[in-house]
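A.B. asks: Give the three-dimensional model of this entry:
(6 chains, ligands or ions: 6)
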Amino acid sequence: MDFLFDFLTSIFVQFQSPTLGFLIGGMVIAALGSNLKIPNSIYQFIVFMLLMKIGIKGGIEIRGADLSAMFLPAVSTVIIGITIVLIGSFVFSLLPGIKREDGIATAGIFGAVSASTLAAAMVLLEEEAIFYEAWVPALYPFMDIPALILAIVLANIHLKKQNEGKDSKVDVWGIVKESLRGSALSALILGLSLGLLTNSESVLESFYEPLFRGFLSVLLLVMGMEAYARLNELRRVAYLYAVYAFIAPIMHGLMAFGIGYIAHVTVDFSPGGVILLSVMAASSSDISGPPTLRGAIPSANPSAYIGSSTSVGTPIAIAVCIPLFIALAKVVFDL
Amino acid sequence: MDFLFDFLTSIFVQFQSPTLGFLIGGMVIAALGSNLKIPNSIYQFIVFMLLMKIGIKGGIEIRGADLSAMFLPAVSTVIIGITIVLIGSFVFSLLPGIKREDGIATAGIFGAVSASTLAAAMVLLEEEAIFYEAWVPALYPFMDIPALILAIVLANIHLKKQNEGKDSKVDVWGIVKESLRGSALSALILGLSLGLLTNSESVLESFYEPLFRGFLSVLLLVMGMEAYARLNELRRVAYLYAVYAFIAPIMHGLMAFGIGYIAHVTVDFSPGGVILLSVMAASSSDISGPPTLRGAIPSANPSAYIGSSTSVGTPIAIAVCIPLFIALAKVVFDL
Amino acid sequence: MDFLFDFLTSIFVQFQSPTLGFLIGGMVIAALGSNLKIPNSIYQFIVFMLLMKIGIKGGIEIRGADLSAMFLPAVSTVIIGITIVLIGSFVFSLLPGIKREDGIATAGIFGAVSASTLAAAMVLLEEEAIFYEAWVPALYPFMDIPALILAIVLANIHLKKQNEGKDSKVDVWGIVKESLRGSALSALILGLSLGLLTNSESVLESFYEPLFRGFLSVLLLVMGMEAYARLNELRRVAYLYAVYAFIAPIMHGLMAFGIGYIAHVTVDFSPGGVILLSVMAASSSDISGPPTLRGAIPSANPSAYIGSSTSVGTPIAIAVCIPLFIALAKVVFDL
Amino acid sequence: MTLHKAEKVVIITEKLILKGVCEIIEACGATGYTIVAAGGKGSRNVRSTSDRALVIEDFANVKIEVIVKYKTMAKNIMEQVAGKYFENYSGITYVEDVEILRPKKFNND
Amino acid sequence: MTLHKAEKVVIITEKLILKGVCEIIEACGATGYTIVAAGGKGSRNVRSTSDRALVIEDFANVKIEVIVKYKTMAKNIMEQVAGKYFENYSGITYVEDVEILRPKKFNND
Amino acid sequence: MTLHKAEKVVIITEKLILKGVCEIIEACGATGYTIVAAGGKGSRNVRSTSDRALVIEDFANVKIEVIVKYKTMAKNIMEQVAGKYFENYSGITYVEDVEILRPKKFNND
Ligand SMILES: Nc1ncnc2c1ncn2[C@@H]1O[C@H](COP(=O)(O)O)[C@@H](O)[C@H]1O
Ligand SMILES: Nc1ncnc2c1ncn2[C@@H]1O[C@H](COP(=O)(O)O)[C@@H](O)[C@H]1O
Ligand SMILES: Nc1ncnc2c1ncn2[C@@H]1O[C@H](COP(=O)(O)O)[C@@H](O)[C@H]1O
Ligand code: NA
Ligand code: NA
Ligand code: NA
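C.D. replies: Ligands and ions are numbered 1, 2, ... in the order given. As a prediction, this is how the structure comes out:
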């Protein structure tokens, strides 16, 4: 009862948070046919800024952090990413009318992580003054990369079975390298290194940090417009993708919450960290995952996984999962 | 005497204000053939930011505002926009060598509003610490849209008369929709909605507000360069356009000042509000008006209305009208 | 001994400064094949912002400055620029396997100034709380333009000698005009004028100044990536270019330090000013110099001068020269 | 694979009317089109490429290319676009012979 | 100077596979290529030009032009690109006759 | 309406010399031209498209197209541009046959 009340209040507050407002605003103006557009270069720069901020801040914190406290959470993120892909692939294989590699690719996208969703959660935690270890957001590649690789491997095994003749080995290291070279992970790792190795507090505090919240608002606007624009893609594929994309974020997040809770009990992982871990699990990749999959599983239909992730998965993760996990944490950890 | 002195002082101060400095600077470097350019995406983003700031701030203020106090000013803006177009069309119809639809389109542009001029006035009011209701700038569509629509309707009635045969009805609702979908009004309305419906103070104060003044300086630089670049267009059309563009802003502003004064007396409309209303009237559309007219009155010569507005109207509105109305307000309202 | 210790400490601190970190970070991620890219429009806007900041601040300071105190330093910058080009051209003419005009162009680039290197030095001086006259950075055209013009004149004299028949006079005034019209100097001079003539403190303090350090970090990232990308060009030309590019910045800087020291003794030029003068001398043009030379000395091989400057000269100037001159100043001026 | 003769219609005009031009192209039965941002100079004006601030972005140029199988369709598109727009808006149109690989892609039969 | 017959191959496809397409072009022996950012509409989708935020930038279009001296090389490039990519990725390819000024520039003989 | 034969000259070269190339085009009597931003690879270098930070922007490529009515004018433009610039700057030029709708637009007679 109390939990339900807390949750509903939290949802209500969240709906008044500008974070969510910008996302929904983007969807609404796109639906109304607005010609407003955020220039592509601004969008790219914003993504760069957000990831640099996450990276630098994480790097600075890791400098002074107890590495052993990071170990379990880091391992957990890997496990969560892999589990999501395995479960998702299995579920899709049971559903009718779903091409095998399309299902695997979609599971891969939901195993991977959305940086914008993660950033939205960070802002909300700061607004609610819930503490988290600054290195937690920087863990996201540990979930992202294994999930994408596993999906690619699974799809290739499947395709190999289909056409016995052609034997195409999966170049795992090649995929890892391509992921790390992608603009998103490059920025994050660059930021991490700068945070770790240089005295980057001043530039963080004078630039990357104060602009974070504002740039995030613009990014969420873009994401909202994109969510609407991609609905068409979703319409072309089986409606079961939409169902999956609706339910999966909540399930994945709850699973991660449980695993995070264990880390809380064992290595004193912070409640805020547990929330962020859950949000990572709930989120689905919208920026870097799709091109990776499109390159590595060419025969998978991008409309399936992009539509599911961008048009349903991300809005659900931001609008439902973030307030849900915050509310849950308040009850569970008695915040 | 005193007024003249105040006015001259105000003009002098204004000429030292960076706001005007950037406008003039832009004109000068363009005239000197500088290759400096502000990238298009930056320009678009700046316009977005300024309109979001006006919108969010307006929306927040409307939340707590006395709606009845807004009614008269809102109605006044509509009346002012319409009156400007009617007078302008009539004046141009009396002038020799002016094609009918060119005159109507030019009157329409001067009835419409320039967001950059409005933003410049806002910054100057803040510098002079003159109060205005934050919802006033958000009234600008009430002047902009009716003025553009009226011009389009008038032009089409005229064209219909000319070629009796072809009966082309004007799709008023279509034009309104297109206006609202334009990037400028979309951003403003999005901002208004976010201000009204979400707790957007934090993002306003951490991002949109602190960057406002700086981004405006860049925008005015662009406007100055554009004013010079468009002088060529003005040279191709009758010099009477330049005369109109020189006189009209002052006349329109004074008319609006009078109407605003009535609102001051009757519903306690603030002196700052009266100034902003006058500046809106004095300003002429430079961003969203031209393409609307070009699409809806294809046979009107864009060199006429764009040249008049961008190369003469906007510089006059910023350099002459803003200090004039501030000086006037100081005398009239005894500030 | 003490000096060496100071210098090494300073180098060590500098290596932890984010300024240098971003430069090296850019080189490393480019070497690793990262796809991270800073959009071109963002880069252009950042350069604009940095030069406007230097200009406005310089202009404001000149307003109240003792012009006679500026005279000697200004003359010194001209002399330094010219001397660098003369020495460089002479040195290259002695080296084997170097085409005459390629050597002259390279000397010209090293006589010219890099705005990003200069900005990096400014940030470091501010971090170390070493005072400098705000008009010093604005002196940079006094070194930049004479150096480029001299190189162009020398190259043309040489080419004229080669093919007696064709007499091509060098249009010095044309080159000066083109330089001043270039986007970099236009922005600087615009900023200077605004600083001198308008009350631009507010916009400087609310916008250009707070964003300076952050934007510089992004610029240095771009410079680092560019340095790596241009290494290929360097490989195509004689390795002596790399040797020159390694040694010259240090020599030029030390020479300028000496001249600056004289100005310190005679007209009380600040130690920070001496450092900045040395950094200008040590730096080599990376933005505006190359296209100027490419246009004016078409037969000179751009791989030679761009490779030397961007891939070796700039990193050496930032990573070695800035800390070296700061350390030197601490000893010499007993800071 | 063999190559098949086809026609490429090119239209260079103002961005403002892009939507209308594309509607004509689709109505004429073309299976697709390609758009490129352009600047240029013609009888009316110099239109800048999109790299500097375009205060009125819709006045930049676009270049639209349409591959169609038959000359008649090509001419139809050209005439409709020119007839509807080129009195009041800047623009030119021309057609070139090309050879395509997979004719079925350009079929709307 | 006289003009010499040559062929211009045009490939319009997704940016994502640009690298692979360029490798094929070079492997076939072409001496260069030119790339232009493009948007468009085809059988698969509307692809936006690069001016609005492309959340997935690799899905924008590019137009690649290659001048080669002989039709056989032209056909070779077209067939390899189409064969390798056009089943799973959007794309079209066509070829045009052109005349070039300095044939040596396009020689790889 | 009937279509009329004409020539399309294409010049792909460095942005730095765009102004000079356009002057030649106008001096030769062409009525207009169209410019598109381009990247590419040729004998000299890889030139990036304009989307990543171009520290030296003038070194990007542009593609310039000029429609002229007669082959002589086409050749004249090509030879002048190549003669003046292509020794020291990157660039290629070629010409194609096209058919235009309204020949008067391309007249400078
Ligand atoms: N002779 C030409 N060659 C190539 N492009 C042209 C030519 N004439 C006009 N254009 C293009 O068509 C656009 C509109 O031309 P206009 O209608 O003559 O103003 C120009 O901005 C150019 O981009
Ligand atoms: N008929 C056509 N004319 C010109 N361009 C086309 C045509 N069909 C397709 N395209 C271009 O090729 C891309 C891929 O086409 P598709 O594989 O059919 O989706 C489209 O996005 C267009 O840019
Ligand atoms: N064979 C070719 N096909 C298409 N474009 C080319 C070719 N060769 C060169 N180019 C273009 O012309 C530019 C200059 O070439 P180059 O002078 O050989 O460096 C290159 O950057 C390409 O954009
Ligand atoms: Na996930
Ligand atoms: Na008005
Ligand atoms: Na120097």
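A.B. asks: following the lowest-mean-pLDDT helix or strand in chain D, which helix or strand comes up?
C.D. replies: Scoring the helices and strands of chain D by mean pLDDT, DSSP states H and E places strand D:46-47 at the bottom, with a mean of 65. Counting by DSSP states H and E, the next helix or strand C-terminal to strand D:46-47 is strand D:61-68.
A.B. asks: Partner strands of that following strand, with direction?
C.D. replies: Next to strand D:61-68 in the sheet, as set by DSSP bridges, lie strand D:4-14 (antiparallel), strand D:33-41 (antiparallel).
A.B. asks: So which residues make contact with that strand?
C.D. replies: The list of residues contacting strand D:61-68 from outside it, by C-beta atoms under 8 Å, 6 or more residues apart in numbering or on different chains, reads D:6-15, D:18, D:21-22, D:25, D:28-30, D:32-40, D:47, D:74, D:77, D:90, D:98, D:100, D:106, E:92, E:94, F:34, F:36. Heads up, the C-betas are built off the backbone N, CA and C, glycines and all.
A.B. asks: what residues does chain D put near ligand 1?
C.D. replies: Counting by C-beta under 6 Å from any ligand atom, chain D comes close to ligand 1 at D:12, D:38, D:40-45, D:47, D:61, D:90-92.
A.B. asks: Could you dump the residues you listed into CSV and include neighbour count and distance to residue C:294?
C.D. replies: Formatted as CSV, the residues of chain D next to ligand 1 follow (neighbours: other C-beta atoms under 10 Å in any protein chain shown; distance: C-beta to C-beta, whole Å):
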residue, neighbour count, distance to residue C:294
D:12, 24, 30
D:38, 23, 25
D:40, 24, 25
D:41, 19, 24
D:42, 20, 30
D:43, 11, 33
D:44, 13, 33
D:45, 17, 30
D:47, 23, 27
D:61, 26, 28
D:90, 21, 33
D:91, 22, 35
D:92, 23, 33
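A.B. asks: Pull the most distant pair out of these.
C.D. replies: D:38 and D:43 (16.0 Å; C-beta to C-beta).
A.B. asks: Briefly note if stretch D:29-46 comes near ligand 2.
C.D. replies: Yes. Residues of stretch D:29-46 contacting ligand 2 under C-beta under 6 Å from any ligand atom: D:30-34.
A.B. asks: List the buried residues in stretch A:187-202.
C.D. replies: Neighbour counts over stretch A:187-202 (16 or more other C-beta atoms under 10 Å in any protein chain shown) mark A:187-200, A:202 as buried.
A.B. asks: Inside helices: which ones of those residues?
C.D. replies: Among the buried residues of stretch A:187-202, DSSP state H puts A:187-197, A:202 in helices.
A.B. asks: between these, which is closest to chain E?
C.D. replies: residue A:187 (14.3 Å; C-beta to the nearest C-beta).
A.B. asks: Check the closest one and give its pLDDT.
C.D. replies: The score at residue A:187 is 93. That number is its pLDDT.
A.B. asks: gap between residue D:98 and residue E:95?
C.D. replies: Plainly put, residue D:98 is 7 Å away from residue E:95 if you go by C-beta to C-beta, to the nearest Å.
A.B. asks: Touching both of the two, which residues are there?
C.D. replies: Common neighbours of residue D:98 and residue E:95 (C-beta under 8 Å, 6+ apart) are residue E:10.
A.B. asks: where does the chain have low pLDDT?
C.D. replies: As the question left the chain open, I've gone with chain A. Where chain A drops to pLDDT under 70, the residues are A:1-3, A:6-7, A:10-11, A:14, A:164-168.
A.B. asks: meant chain D, my bad for not saying
C.D. replies: Applying pLDDT under 70 to chain D flags the ranges D:45-59, D:108-109.
A.B. asks: What lies in contact with stretch A:5-25?
C.D. replies: A:120, A:123-124, A:127, A:216-218, A:220-221, A:223-224, A:227, A:315, A:318-320, A:322-324, A:326-328, A:330-331, B:190, B:193-194, B:197-200, B:202-203.
A.B. asks: Type out the ChimeraX command that picks the buried ones from those residues.
C.D. replies: Buried members of those, defined by 16+ other C-beta under 10 Å, are picked up in ChimeraX with:
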select /A:120,123,124,127,216,217,218,220,221,223,224,227,315,318,319,320,322,323,324,326,327,328,330 /B:190,193,194,197,198,199,200,202,203
